[in-house]
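Enquirer: here are the coordinates; sequence isn't available:
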């Protein structure tokens with residue numbers, strides 16, 4: 001007969017399960033989420049004191065979190081002043097678009113013939129994004145947008161390529177939310193192009209899928225050149 005754990009042991013295990021993340025991790029998540037969702041927009045200056053108060057920690061973990069975020073290219077630290085949220089630059093957009101086209105055009109071609117599980121997952125994500133856009137939840141819609149493309153990349157089974165694509169995640173989300181706010185008419189176009197990609201994969205038309213991906217992702221290059229469409 002198995003022995004029963006002592007109450008103190010049960011209490012300790014329960015405490016371990018509900019233990020809060022380290023203070024620096026909480027600050028990191030708070031600031032990163034704020035930047036990606038545009039609550040902290042490009043050009044905003046964040047101070048250690050304000051962040052410490054917002055998260056309920058001391059300044060030491062704030063400094064640690066900000067160093068991590070600076071290494072990721074989301075902020076720039078200025079001694080005795082604070083952290084400047086870096087705006088999305090034209091060069092960053094151009095670099096992300098170029099990388100996405102290389103990866104996603106290859107992935108779209110390789111996804112044909114598309115397995116039923118992939119088609120079902122893409123249809124589910126498209127329906128979710130439509131609902132999020134209709135509700136005005138642009139941050140959530142941007143996350144689902146990114147998931148839609150990531151599913152196609154992952155379907156190729158190339159782990160190295162998938163990891164490379166995942167490194168673009170934060171930049172994609174930040175750009176996606178910014179575009180949805182500044183070009184609200186683009187949301188409907190995005191949903192329509194996702195539907196076109198899904199239709200091409202269903203039809204087994206690799207070249208059409210690649211063509212739509214090129215048009216869909218390539219649109220962002222117009223932002224880098226200061227063009228509006």
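Expert: Thanks, I have it. What you see is a predicted model, and the numbers here were worked out from it, not measured in a lab.
Enquirer: isn't residue 173 right up against residue 141?
Expert: No: applying C-beta atoms under 8 Å as the test, residue 173 and residue 141 come out as separate, 10.5 Å apart. C-beta coordinates here come from the backbone N, C-alpha and C atoms, glycine included.
Enquirer: per-residue confidence averaged over stretch 79-88?
Expert: Averaged over stretch 79-88, pLDDT sits at 88.
Enquirer: What residues sit buried inside it?
Expert: For stretch 79-88, the neighbour count (16 or more other C-beta atoms under 10 Å) marks 82-86, 88 as buried.
Enquirer: Residues contacting it, please?
Expert: Contacting residues not belonging to stretch 79-88 are listed as 31, 35, 40-48, 66, 69-70, 73-78, 174-175, 178 [C-beta atoms under 8 Å, 6 or more residues apart in numbering].
Enquirer: swap in stretch 120-138?
Expert: In contact with stretch 120-138 (C-beta under 8 Å, 6+ apart) are residues 140-141, 144-145, 147-148, 151-152, 177, 180-181, 187-188, 191, 194-195, 197-198, 201.
Enquirer: gap between it and the chain center?
Expert: Mean-position distance between stretch 120-138 and its chain equals 15 Å (C-alpha atoms, centre = their mean, to the nearest Å).
Enquirer: So for residue 173 and residue 141, which sits in the more crowded spot?
Expert: residue 141 (24 against 19; other C-beta atoms under 10 Å).
Enquirer: Going by neighbour count, list what's buried in stretch 179-192.
Expert: 179-180, 186-187, 190-191.
Enquirer: Tell me the one of the residues you listed nearest residue 214?
Expert: Closest approach to residue 214 among these (C-beta to C-beta): residue 190, at 14.7 Å.
Enquirer: these two touch, right, the closest one and residue 145?
Expert: Yes: with contact defined as C-beta under 8 Å, residue 190 reaches residue 145; the gap is 6.6 Å.
Enquirer: how about residue 33, what does it touch?
Expert: When contacts are counted by C-beta under 8 Å, 6+ apart, residue 33 is found next to residue 39.
Enquirer: secondary structure class for it?
Expert: helix (DSSP: H, G, I helix; E, B strand; the rest coil).
Enquirer: could you measure residue 149 against residue 126, distance?
Expert: Using C-beta to C-beta, to the nearest Å, residue 149 is found at 12 Å from residue 126.
Enquirer: Of those two, give the one with the bigger neighbour count.
Expert: Between residue 149 and residue 126, counted using other C-beta under 10 Å, residue 149 has the larger neighbour count: 24 against 18.
Enquirer: what number of residues lie near the closest residue to the more buried one other than its chain neighbours?
Expert: With sequence-adjacent residues excluded and distances taken as C-beta to C-beta, 6 or more residues apart in numbering, residue 149 is closest to residue 104, at 6.1 Å. Residues lying near residue 104 (other C-beta under 10 Å) number 22.
Enquirer: what comes up buried for the top helix by length along the chain?
Expert: As assigned by DSSP state H, the longest helix anywhere in the chain is helix 90-110. Neighbour counts using 16+ other C-beta under 10 Å place 92-93, 96-97, 99-101, 103-108, 110 of helix 90-110 among the buried residues.
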